[in-house]
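Chemist: give me coordinates for this.
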Amino acid sequence: MNRIALTGLALAVVMAAGGAGYWAGHRGLPVPGPREWRGGEGTRAAGAPAATGAVIYYQDPDGKPLYSAEPRQTEDGRAYRAVRASQDISFDEPATAQAAKANGERKLLYYRNPMGLPDTSLVPKKDSMGMDYLPIYAGGDDDGNSVKVSPSKLQRTGVRSEPAERRVLSRPVRASGTIQLDERRITVVATRSDAFIDHVENVTTGDQVRKGQPLLRFYSPEIAAASAQYLSSLGVQGARQRLENLNVPAEVIAEIERSRKVTTSIVWAAPRDGVVIERNVVDGMKAAPGDVLFRLADVSTVWALVDVTERDLPMIAVGQTVTVHARGFIGRSFTGQVAVIYPQVNRQTRTTRVRVELANPEGILRPDMYVDAEIATGSQAPAITVPMSAVIDSGTRQVVIIDKGEGRFEPRPVKLGQRNADFVEVRDGVAEGDQVVIAANFLIDAESNLKAALQGLTAAGNAK
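Modeler: This next block holds a predicted model:
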């Protein structure tokens, strides 16, 4: 961008920020109107100081934001207005005004380019547009690291600051999945010998049963033979062991010992509390060894199997708190913890399955029910944080603006860590309690670039 374009851009920024009134107040000049600009260099308003200095650019005679480096005319034949050095707009005080403020105790360091370019000089000079280079003093407001903004400009731009604080950052990772039974809480009822079913209790699929509740009654020739052998040799460990190997309940063996009779009908009870999820037995049928007669499931604890994307997987850890929302129960949530992160990635969906254990005392979470999960990731240790709006991210570096008070601001590079929707952790560059700009910070950053306040630009200028 050439100098004329930069000056035009500066003019556009000032007009947008404060309008013509800001121009007049900042430069001490009258506000020109379209009728005052007529041909050539135009005519001055009554009482306005005469323009001095070289012509640095030409502007549309009606005051429109149209500029030219050379003389030109509008479409209707009117000449552009010549703008001289004394009429040009500047974000800084003139060099003479700054020098008037200096006293014998202030040491002049160097002069810098008035347009914020990385160009400095040890002696006074002008740029190609005739603008004076700006003096930089040791211990002054413009120390190369900070920029000072007038109170009126702060008020117009709406700059706001707030302190960096320690917070616990928790960024929820969202995933969807289904409810499944806890594999460790499923029990199968089966015999280890041939059995003839005499009677099945009034228990059907979906019924809730209690441990010890009768399920069926059957006759087994092999169990009857083992019972007779046991009675003929009471006290012999081998005979009792055979009954136990046939999975005869302890209470049945105790009844054989008490009654001294061979049992021909055995009552089989539920081995645990749970819900009947499968029934494969009816009266009069013959069951072979190992046949599943009943399948019971304890649903007081269930699993939520959710699929987490590869991008979010590094943030997931066992033990993290998970909030689960069942789509069938709007407005209600269930809390659990990450129990297992499965070791494989699905090739098609590029997701990894995560198991969440949930308490289900009411039994309302049912297998294959769809759920949405929010996994609370991040450390529980408080970290120094700033609002997301405080960070200016160029893609290669991140900067925050530190409010040093009295209109002085310092751009400061930072290293960022974890973040959530509102705040981001600052691992280096900001201390707890530092005031950071959270609104209109990009305008201050632009001002700091215009004033060459960043250390890198200052160092480059000194090297010259």
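Chemist: contacts for stretch 201-214?
Modeler: For stretch 201-214, the surrounding residues in contact (Cβ atoms under 8 Å, 6 or more residues apart in numbering) are 215-216, 267-279, 294, 296, 363. The way it works is simple: take the backbone N, C-alpha and C, and place the C-beta from them, glycine included.
Chemist: list the buried ones in it?
Modeler: Glu201, Val203, Val209 (16 or more other Cβ atoms under 10 Å).
Chemist: nearest spatial neighbour of Tyr58, skipping sequence neighbours?
Modeler: Tyr80 (3.8 Å; Cβ to Cβ, 6 or more residues apart in numbering).
Chemist: now the helix or strand harbouring Val356: buried residues?
Modeler: Counting by DSSP states H and E, the element that carries Val356 is strand 351-359. Using 16+ other Cβ under 10 Å as the test for burial, strand 351-359 gives Thr351, Thr352, Arg353, Val354, Arg355, Val356, Glu357, Leu358.
Chemist: same check on stretch 57-77?
Modeler: Under 16+ other Cβ under 10 Å, the buried positions of stretch 57-77 are Tyr57, Tyr58, Gln59, Asp60, Pro61, Gly63, Tyr67.
Chemist: that one: end-to-end distance?
Modeler: End-to-end distance for stretch 57-77, by Cα to Cα, to the nearest Å: 18 Å.
Chemist: off-centre distance for it?
Modeler: Offset of stretch 57-77 from its chain centre (Cα atoms, centre = their mean, to the nearest Å): 49 Å.
Chemist: same question, stretch 198-207
Modeler: Per Cα atoms, centre = their mean, the centroid offset for stretch 198-207 relative to its chain is 53 Å.
Chemist: alpha carbons only: can I get it in CSV?
Modeler: Taking Å, rounded to 0.1, in the frame of the first residue of the first chain, the C-alpha atoms of stretch 198-207 are listed here in CSV:
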residue,chain,number,x,y,z
ASP,A,198,-42.9,-79.8,35.8
HIS,A,199,-44.1,-76.3,36.3
VAL,A,200,-43.1,-72.7,35.4
GLU,A,201,-44.1,-69.9,37.8
ASN,A,202,-46.1,-66.9,36.6
VAL,A,203,-43.0,-65.0,35.5
THR,A,204,-42.8,-63.5,32.0
THR,A,205,-40.4,-61.3,30.0
GLY,A,206,-40.2,-57.8,31.5
ASP,A,207,-41.2,-58.9,35.0
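Chemist: use 303 as the first number from now on
Modeler: Sounds good: first residue 303 from here, last item stretch 500-509.
Chemist: averaged pLDDT, it. What do you get?
Modeler: Here stretch 500-509 scores 95 as its mean pLDDT.
Chemist: and if you look at stretch 722-740?
Modeler: 89.
Chemist: return the set of buried residues in stretch 618-626.
Modeler: By 16+ other Cβ under 10 Å, the buried positions in stretch 618-626 come out as Ile618, Gln622, Thr623, Val624, Val626.
Chemist: which of those sits closest to Ile558?
Modeler: Val626 (49.3 Å; Cβ to Cβ).
Chemist: export the strand or helix carrying that closest one to PDB, keeping only CA atoms.
Modeler: Assigning secondary structure by DSSP H and E places Val626 in strand 623-628. The C-alpha trace of strand 623-628 is given here as PDB (Å, rounded to 0.1, in the frame of the first residue of the first chain):
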ATOM      1  CA  THR A 623     -18.000 -36.500  35.000                       C
ATOM      2  CA  VAL A 624     -20.700 -37.000  32.300                       C
ATOM      3  CA  THR A 625     -24.200 -35.500  32.100                       C
ATOM      4  CA  VAL A 626     -26.600 -37.600  30.000                       C
ATOM      5  CA  HIS A 627     -29.800 -36.400  28.600                       C
ATOM      6  CA  ALA A 628     -32.300 -39.100  27.400                       C
END
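Chemist: and it, which strands flank it?
Modeler: strand 635-647 (antiparallel), strand 672-679 (antiparallel) (DSSP bridges).
Chemist: coming back round to it: which among the contacts of stretch 503-516 end up buried?
Modeler: 517-518, 569-573, 575-579, 581, 596, 598.
Chemist: ok, which pair from these is furthest apart?
Modeler: Val569 and Ile579 (21.9 Å).
Chemist: which elements pack onto whichever strand or helix holds Ile481?
Modeler: When elements are defined using DSSP H and E, Ile481 is found to belong to strand 473-483. Strand 473-483 is packed against strand 603-611, strand 653-661, strand 672-679, with contacts defined by 3 or more Cβ pairs under 8 Å, 6 or more residues apart in numbering; DSSP states H and E.
Chemist: ok, now with 7 Å
Modeler: Under the contact criterion of 3 or more Cβ pairs under 7 Å, 6 or more residues apart in numbering; DSSP states H and E, strand 473-483 touches strand 603-611, strand 672-679.
Chemist: just the angle for the shortest one relative to strand 473-483, thanks.
Modeler: Same thing as strand 672-679. Strand 672-679 runs at 140 degrees relative to strand 473-483, counting by axes from the mean of the first three to the mean of the last three Cα atoms, to 10 degrees.
Chemist: cool, and the first one?
Modeler: Between strand 603-611 and strand 473-483, the angle comes out at 130 degrees (the same axes, to 10 degrees).
Chemist: about what we covered before: which of the buried ones among the contacts of stretch 503-516 fall in strands?
Modeler: Leu517, Leu518, Val569, Trp570, Ala571, Gly576, Val577, Val578, Ile579, Arg581, Phe596, Leu598 (DSSP state E).
Chemist: adding pLDDT and distance to Lys588, write those residues out as a markdown table.
Modeler: Formatted as a markdown table, those follow (pLDDT from 0 to 100; distance: Cβ to Cβ, whole Å):
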| residue | pLDDT | distance to Lys588 |
| --- | --- | --- |
| Leu517 | 96 | 17 |
| Leu518 | 95 | 13 |
| Val569 | 91 | 18 |
| Trp570 | 92 | 15 |
| Ala571 | 93 | 21 |
| Gly576 | 93 | 26 |
| Val577 | 95 | 27 |
| Val578 | 96 | 21 |
| Ile579 | 95 | 23 |
| Arg581 | 96 | 16 |
| Phe596 | 97 | 16 |
| Leu598 | 96 | 22 |
